[in-house]
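*Asks:* Need a 3D model of the sequence below.
(4 chains)
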Protein chains: 2
Amino acid sequence: MGATKTDLFSKKQNELAAMAKALAHPARIAILQVLVKTNACVCGSLVDELGLAQATISQHLKELKQVGLIQGTIEGTSVCYCINPKAWQQYKEFFAMFFKELPENKPCC
Amino acid sequence: MGATKTDLFSKKQNELAAMAKALAHPARIAILQVLVKTNACVCGSLVDELGLAQATISQHLKELKQVGLIQGTIEGTSVCYCINPKAWQQYKEFFAMFFKELPENKPCC
DNA sequence: ACTATTCATTGCAATATTACGATTAATATT
DNA sequence: AATATTAATCGTAATATTGCAATGAATAGT
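*Replies:* Got it, this is the predicted structure:
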């Protein structure tokens, strides 16, 4: 064992978990924040910005790209990354939906 | 290697990553959804609801308790769990803040 | 063509997570 | 007291993630 039993859960549940997992590392949070702040795209300056090795940053970028949160276009020798606004919006809505409201009456335990 | 280099990132970044990690498993998503839906507390019926072993559910509950998202009170031989409304609200705000808005003008790449 | 730069990929080591059976601790029931 | 029920914890196995050095592929500049 050690592998998540995705078949026990609904598509939505697995999807939300996957979205959360994409955010479940400070390096990826930091990368996204840089990309949001600079809006205009940023390339490998992320390696300087954060203190991780190039290979590590590249891996995190790959993961973020895989879930669609960012996109990258080749620009000469460098690659320019930026937020995918559509995916960003979707993430926003998904999480907002999940945390919507609590009925929040009942005494609870 | 293999351990996250938390010292490279800000407190906020690590915190958000930790919050996301708590949601980064479909079983935990499912548990939270059950607790929200039933509002009134639920105990080990989670084991029946989801198809995982008791030890596994207990471990997920422990993680959710550790990040403060749920709370549990002993009720005879069983334990009654429920959402911690304060933490829930905080999570909601944190994620909403993170996904706020994109400046979303610039052409992007 | 040669070199430099930039980034992806590969391979490896260290650590973390997921899952469960077995055991333990606690309260309830008989 | 003896037994049953509930849930935490321990121990273990399988798998996933994190991080980096080394290598590779592509373009830019000389």
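
*Asks:* And the pLDDT for A:S10?
*Replies:* A:S10 is assigned 98 on the pLDDT scale.

*Asks:* And for A:A40?
*Replies:* Listed pLDDT for A:A40 reads 64.

*Asks:* now A:L23
*Replies:* Reported pLDDT for A:L23: 98.

*Asks:* how close does it sit to chain B?
*Replies:* 4 Å (C-beta to the nearest C-beta, to the nearest Å). Heads up, the C-betas are built off the backbone N, CA and C, glycines and all.

*Asks:* before we move on, what about A:L46?
*Replies:* Distance of A:L46 to chain B, given as C-beta to the nearest C-beta: 12 Å.

*Asks:* longest helix of chain A?
*Replies:* Longest helix in chain A by number of residues (criterion: DSSP state H): helix A:85-99.

*Asks:* how distant is that helix from the center of its chain?
*Replies:* Distance of helix A:85-99 from its chain centroid, counting by C-alpha atoms, centre = their mean, to the nearest Å, is 11 Å.

*Asks:* for it, what is the average pLDDT?
*Replies:* For helix A:85-99, mean pLDDT is 96.

*Asks:* what sits up against that helix?
*Replies:* For helix A:85-99, contacts defined as C-beta atoms under 8 Å, 6 or more residues apart in numbering or on different chains pick out A:15-16, A:19, A:67-69, B:23, B:29, B:88, B:91-92, B:95-96, B:99, B:102, B:104, B:108.

*Asks:* Quick check, the residue in chain A closest to DNA strand C?
*Replies:* DNA strand C sits closest to A:G44 of chain A, with a gap of 1.7 Å, by C-beta to the nearest atom of the strand.

*Asks:* burial count for the nearest residue to that residue once chain neighbours are set aside?
*Replies:* Sequence neighbours aside, A:S78 is the residue nearest to A:G44 in space, at 5.9 Å (criterion: C-beta to C-beta, 6 or more residues apart in numbering or on different chains). By other C-beta atoms under 10 Å in any protein chain shown, the residues close to A:S78 number 13.
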